[in-house]
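K.L.:
kindly return the folded structure for what I paste below:
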Amino acid sequence: MADTRPVVFCSWGFPEAGISLLREHFNVHVWDGPDGAPREVLLKELADGAAAVLALPPSDRLNPEAMAMAPNLKVISGFGVGFDYVDVAEATKRGIAVCNTPGTLTETTADQAWALMLGMARHVPKGDRYVRSGEWKKYEPALLLGTDIHGATLGVIGMGAIGTAVARRGKGFGMRILYSGRTRRLEAEAETGATYVPMDELLAQSDFVSINCALNAETRGLIGSRELGLMKRTAILVNSARGAIVKQAELAAALNSGTIAGAAIDVFEVEPIAPDDALLACDNAVFAPHLGSATFATRSKMSRLACENIIAVLHGHRPPFLVNPDVWKH
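P.N.:
Residues are numbered from 1 along each chain as shown. Next up, the predicted model:
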């Protein structure tokens, strides 16, 4: 007997903590490949009448083209906090709710930013390669000298939930903390001891600069040659937010010229980054393949919350986390 319940398309095999909830209520179609669903599969599911998409940012592009092919689409729920993969204005115009999963990955992503920061400051990847290669023959007092984090100045660009979590860890390391953003965050200042400064001042004074802002029209290309040139030559740039916030080619040039000492990068302008990209040739950098929320517990929480958003919308209730509240007229 055909399943006549609303169709929810899941563009990847998301953790079962969420998918099992969907199956209780809807006809669930899950793309079972190791990667996210190809675009042609996503568009076909939409054209065939999917009422909801559990999306995999940033690879799923829910743009006007996709929405125009989706006669029954009511909700796009993303597996993560960022929603730059959705044309939110178009979704709102069409009455489509856009949802995300804030709060679930805050601490985990802050941990990743710090893992990258520590790894770069103390040359952990280089040390690992050195030991594995068999080159380590004796104690060498000048080998792989790093940079102290304790007592250094940490600059946080974007003091939202994740930026505050990064700053909180910095306080534990006895760091002086500066931050910049569109508005002052008095609660974050009280919690972390951070000082609000203009971004240029932050760049000039910080030993470590952590990018934690959202990607939008204002922040795309926010960090380029001019901004990198304001930083200390001994400074390290950390990006665990979105790759397009940094002009990647200009970062590679700054690393090669010694404009800054190093970078620790979890996100890239285009993912996956091309193997011949100039940035990958920079020896004074540490890279990770977009692992900000990549723990078992956090990914399960993200799946559950993303699915709870879908269940709420398709049952006529306001979802827990709605990116475009103007769409909700109930």
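
K.L.:
my guess is residue 98 contacts residue 74, does it?
P.N.:
No: Residue 98 lies out of contact with residue 74 (Cβ atoms under 8 Å); the separation is 10.9 Å. Every residue, glycine included, has its C-beta placed from N, CA and C.

K.L.:
compare the two (neighbour count), which wins?
P.N.:
More neighbours surround residue 98 than the other of residue 98 and residue 74, with 24 against 19 (other Cβ atoms under 10 Å).

K.L.:
list the contacts of that one.
P.N.:
By Cβ atoms under 8 Å, 6 or more residues apart in numbering, the contact list for residue 98 reads 75-76, 78, 83, 86, 88, 91-92, 322-324, 327.

K.L.:
who wins for neighbours among those residues?
P.N.:
Neighbour max across those (other Cβ under 10 Å) = residue 76, 29 neighbours.

K.L.:
what is the helix or strand hosting that one packed up against?
P.N.:
Using DSSP states H and E, residue 76 sits in strand 75-78. Contacts defined by 3 or more Cβ pairs under 8 Å, 6 or more residues apart in numbering; DSSP states H and E place strand 75-78 against strand 52-55, strand 97-99, helix 296-314.

K.L.:
so for that strand, mean pLDDT?
P.N.:
If you average the pLDDT over strand 75-78, you get 98.

K.L.:
which other residues reach the next helix or strand after it?
P.N.:
Note on strand 75-78: by DSSP H and E, the next helix or strand toward the C-terminus is helix 88-93. Outside helix 88-93, the residues that touch it by Cβ under 8 Å, 6+ apart are 62-64, 67, 76, 97-98, 323-324, 326-327.

K.L.:
want to try a markdown table for those residues, with secondary structure and distance to residue 145 as columns?
P.N.:
Converted to a markdown table, those look like this (DSSP: H, G, I helix; E, B strand; the rest coil; distance: Cβ to Cβ, whole Å):
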| residue | secondary structure | distance to residue 145 |
| --- | --- | --- |
| 62 | strand | 48 |
| 63 | coil | 48 |
| 64 | helix | 53 |
| 67 | helix | 54 |
| 76 | strand | 49 |
| 97 | strand | 53 |
| 98 | strand | 48 |
| 323 | coil | 46 |
| 324 | coil | 50 |
| 326 | helix | 54 |
| 327 | helix | 55 |
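
K.L.:
in CSV, list those residues along with distance to residue 216.
P.N.:
Below are the contacts of helix 88-93 laid out as CSV (distance: Cβ to Cβ, whole Å):
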residue, distance to residue 216
62, 16
63, 16
64, 18
67, 20
76, 17
97, 19
98, 14
323, 12
324, 14
326, 17
327, 19
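
K.L.:
kindly report the domain assignment for the chain.
P.N.:
The chain resolves into domains spanning 7-104+296-327, 106-287 when parsed by automatic domain parsing.

K.L.:
how long is the first one end to end?
P.N.:
Yep, that's domain 7-104+296-327 we're talking about. 21 Å (Cα to Cα, to the nearest Å).

K.L.:
the stretch 101-250 of the chain: helices as residue ranges?
P.N.:
Ranges of helices within the stretch 101-250 of the chain are 106-121, 124-133, 161-172, 186-192, 199-205, 225-230, 248-257, based on DSSP state H, counting those that start in this stretch.

K.L.:
okay, the ones you listed in a markdown table with mean pLDDT and distance to residue 14 next?
P.N.:
Converted to a markdown table, these look like this (pLDDT from 0 to 100; distance: least, Cβ to Cβ, whole Å):
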| stretch | mean pLDDT | distance to residue 14 |
| --- | --- | --- |
| helix 106-121 | 98 | 16 |
| helix 124-133 | 97 | 30 |
| helix 161-172 | 98 | 21 |
| helix 186-192 | 98 | 31 |
| helix 199-205 | 98 | 36 |
| helix 225-230 | 98 | 36 |
| helix 248-257 | 98 | 29 |
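
K.L.:
if we can go back for a sec, of the contacts of helix 88-93, which is the nearest to residue 13?
P.N.:
residue 76 (18.4 Å; Cβ to Cβ).

K.L.:
which strands border the strand holding residue 76, and is each parallel or antiparallel?
P.N.:
strand 52-55 (parallel), strand 97-99 (parallel) (DSSP bridges).

K.L.:
most packed of these?
P.N.:
strand 52-55 (a mean of 28; mean count of other Cβ atoms under 10 Å).

K.L.:
let me see the mean pLDDT of that one.
P.N.:
On average, strand 52-55 scores 98.

K.L.:
with just CA atoms, put it into CSV.
P.N.:
C-alpha atoms of strand 52-55 as CSV (Å, rounded to 0.1, in the frame of the first residue of the first chain):
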residue,chain,number,x,y,z
ALA,A,52,10.4,19.2,3.6
VAL,A,53,14.1,19.0,3.1
LEU,A,54,16.6,18.1,5.8
ALA,A,55,19.5,19.9,4.1
